[in-house]
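Enquirer: Sequence and predicted structure, then a few things I'm wondering about:
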Amino acid sequence: MIFDKVKTIINEQLGVNEDEITMESNFLEDFGADSLELIDLIMALESEFEIEVPEEDIEEIETVSDVVSYLKDHTDLED
């Protein structure tokens with residue numbers, strides 16, 4: 001559930017085909033996302049999941065798995 005929502009948001013924000021998005025996908029290496037695109041992605045995730053991600057936490061997010069784990073740890077949502 002979380003992964004599917006995250007894939008949709010990545011597709012919308014970065015234009016990456018959902019079939020190419022895996023848990024191991026790296027935003028910089030696999031999707032070519034720059035820091036501004038990553039910030040936009042985080043803002044979209046914050047809006048969708050009604051959370052606020054502090055800047056120091058954003059710096060730790062490199063992969064789709066990092067996003068999914070963060071959301072599991074900071075929301076009431078289950079996988």
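Expert: Arrived safely.
Enquirer: moving C-terminal of the helix or strand where residue 44 lies, what's the next helix or strand?
Expert: In this structure, residue 44 sits in helix 35-49 according to DSSP states H and E. Per DSSP H and E, the first helix or strand lying C-terminal to helix 35-49 is helix 55-58.
Enquirer: Just the mean pLDDT for the host helix or strand of residue 72, thanks.
Expert: For residue 72, the element it lies in under DSSP H and E is helix 64-74. For helix 64-74, mean pLDDT rounds to 96.
Enquirer: Next one: residue 35 from residue 41, what distance?
Expert: Distance, residue 35 to residue 41, using C-beta to C-beta, to the nearest Å: 11 Å. Where you see a C-beta, it was placed from the backbone N, CA and C, and this is true even at glycine.
Enquirer: Settle it for me: which of those two has more neighbours?
Expert: Using other C-beta atoms under 10 Å, the more surrounded residue of residue 35 and residue 41 is residue 41, with 22 against 11.
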